[in-house]
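task: produce atomic coordinates for the following.
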Amino acid sequence: MSIHNQTLLNDTGILHLEDASVVMIYTEWNDGVTNELVAGCERTLQQYNISRITKIQVPGAFELPFACRQYWEANKGTSAQPGAIIAFGCVIRGETPHFDYVCDGVTSGIMQLNVQLPVPVIFGILTVDNMEQAQERLGGKHGHKGDEAAITALKMIAMLRQLQK
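Residues are numbered from 1 along each chain as shown. So this is what the prediction gives:
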């Protein structure tokens, strides 16, 4: 999402979303990375005065689509219904094909949720070869992916509200 040290996302179109609700579902696996993604997202949401923030932790990336779906089903039609769900995780390539299976599964799962649910599920999963690449996406030369996920969620909430008018 970034090129030459410049974030491609800007905050155009994010207006008056103070009542929005955002859920972050994140992994405990590679928690040093995922906790910083969540922290960056939370800082950005707070800059836009979003106070309805829920955080839920799951064991790993493969569990993210299930947890997102279960949260939606448990809270649709209630005051806890989110305007957007953000899935955060970090999958680091190892020596076996496990990386490919996990990345394919979580990507497919998040995509399916975006087709099935009436709210956006933002893909905040880092799929990297090593820890250095992860760090570059936590405020390094590739921007902060937690911040970008928050902006994406807010833009999608704004788009949905505009369509409902």
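
from here on, just use CA atoms for contacts and neighbour counts.
Fine.

could you double-check that Glu136 lies in contact with Lys145?
No. With contacts defined as C-alpha atoms under 8 Å, Glu136 does not count as touching Lys145, sitting 9.5 Å away.

give me the more crowded residue out of these two.
More crowded of Glu136 and Lys145, by other C-alpha atoms under 10 Å: Lys145, with 28 against 14.

in the helix or strand containing Trp72, what counts as buried?
Assessed by DSSP states H and E, Trp72 sits inside helix 64-75. Within helix 64-75, the residues that count as buried by 16 or more other C-alpha atoms under 10 Å are Leu64, Pro65, Phe66, Ala67, Cys68, Arg69, Tyr71, Trp72.

other SSEs contacting that helix?
strand 21-27, strand 84-92, helix 98-116 (3 or more C-alpha pairs under 8 Å, 6 or more residues apart in numbering; DSSP states H and E).

compute the inter-axis angle for the first one and helix 64-75.
Per axes from the mean of the first three to the mean of the last three C-alpha atoms, to 10 degrees, the angle that strand 21-27 makes with helix 64-75 is 140 degrees.

okay, now the sheet partners of strand 21-27, with direction.
If you go by DSSP bridges, strand 21-27 pairs up with strand 52-58 (parallel), strand 84-92 (parallel).

who touches stretch 90-109?
With C-alpha atoms under 8 Å, 6 or more residues apart in numbering as the test, stretch 90-109 has contacts from 27, 29-30, 33-34, 61-65, 123, 125-131, 134.

that stretch: end-to-end distance?
15 Å (C-alpha to C-alpha, to the nearest Å).

could you give me the buried positions within that stretch?
Quick answer for stretch 90-109 (16+ other C-alpha under 10 Å): Cys90, Val91, Ile92, Arg93, Phe99, Val102, Cys103, Gly105, Val106, Thr107, Gly109.

what's in contact with stretch 156-165?
Gly13, Ile14, Leu15, Leu17, Ala20, Gly83, Ala84, Val119, Pro120.

which of these are buried, as a ChimeraX select command?
Per 16+ other C-alpha under 10 Å, the buried members of the contacts of stretch 156-165 correspond to this ChimeraX selection:
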select :14,17,20,83,84,119,120
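
what would the contacts of stretch 156-165 look like in CSV with distance to Leu160 and pLDDT?
Shown next, in CSV, are the contacts of stretch 156-165 (distance: C-alpha to C-alpha, whole Å; pLDDT from 0 to 100):
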residue, distance to Leu160, pLDDT
Gly13, 12, 67
Ile14, 12, 75
Leu15, 13, 74
Leu17, 12, 91
Ala20, 12, 95
Gly83, 9, 97
Ala84, 10, 98
Val119, 8, 98
Pro120, 9, 98
